[in-house]
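Undergrad: Sequence plus the predicted model coming up.
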Amino acid sequence: MKIEKRSGPARAGKVDKTRPKGAPAEARPASPGGADRVEIGAATTTLRMAEEALEAVDVADAAKVAAVKNALDSGTFQVDAEVVADKLIDTAKEAVKKPAR
C-alpha cells in the first residue's frame, strides 16, 4: 500500500508560522473587572420558562386520588391480583431487555 503525501496542512484554516511552537494562538481580552460573562440564548430562556410552567401543572387526577384514598380509608379498596401480576411480568421483561451498563 502506498501512502500519498498531503498537498496542504492537515488542519483547516490559516497557519501562523511566526508564532513559536507551544505558544497560545490568540490572547483573549479579559472582560471588565476580570469577571466571566455568560450569555443565554433565546431558546434556552424559552425552555426554562416552559419547564417552570410545567412544574405548576398538576399531573395527578385529583378525583381519582380522592376516590382511592376514600376506598383505602373505608377498607373497600379491591386489588386486582391479575393486573398486578401482569404489570410485574411486563416490568421484568423490560428489565431483561435493557442492556447492562
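TA: Ah, there it is.
Undergrad: CA-only coordinates of the helix ranked longest in the chain in PDB, if you can.
TA: Ordering each helix of the chain by length in residues (DSSP state H) puts helix 81-97 first. Taking Å, rounded to 0.1, in the frame of the first residue of the first chain, the C-alpha atoms of helix 81-97 are listed here in PDB:
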ATOM      1  CA  ALA A  81     -54.200  -9.600  41.500                       C
ATOM      2  CA  GLU A  82     -54.200 -10.500  37.800                       C
ATOM      3  CA  VAL A  83     -53.500  -6.800  36.800                       C
ATOM      4  CA  VAL A  84     -50.700  -6.600  39.400                       C
ATOM      5  CA  ALA A  85     -49.200  -9.900  38.200                       C
ATOM      6  CA  ASP A  86     -49.300  -8.700  34.500                       C
ATOM      7  CA  LYS A  87     -47.600  -5.400  35.400                       C
ATOM      8  CA  LEU A  88     -44.900  -7.200  37.300                       C
ATOM      9  CA  ILE A  89     -44.200  -9.500  34.400                       C
ATOM     10  CA  ASP A  90     -44.100  -6.600  32.000                       C
ATOM     11  CA  THR A  91     -41.600  -4.800  34.300                       C
ATOM     12  CA  ALA A  92     -39.400  -7.900  34.500                       C
ATOM     13  CA  LYS A  93     -39.500  -8.300  30.700                       C
ATOM     14  CA  GLU A  94     -38.400  -4.700  30.200                       C
ATOM     15  CA  ALA A  95     -35.600  -5.100  32.800                       C
ATOM     16  CA  VAL A  96     -34.300  -8.100  30.900                       C
ATOM     17  CA  LYS A  97     -34.400  -6.300  27.500                       C
END
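Undergrad: any idea of the mean pLDDT in it?
TA: Helix 81-97 shows a mean pLDDT of 94.
Undergrad: Which neighbouring elements make contact with that helix?
TA: On a contact count with 3 or more C-beta pairs under 8 Å, 6 or more residues apart in numbering; DSSP states H and E, helix 81-97 meets no helix or strand. In short, each C-beta sits where N, CA and C put it, glycine included.
Undergrad: What's the local residue count around residue 47?
TA: Look at residue 47: counted by other C-beta atoms under 10 Å, it has 12 neighbours.
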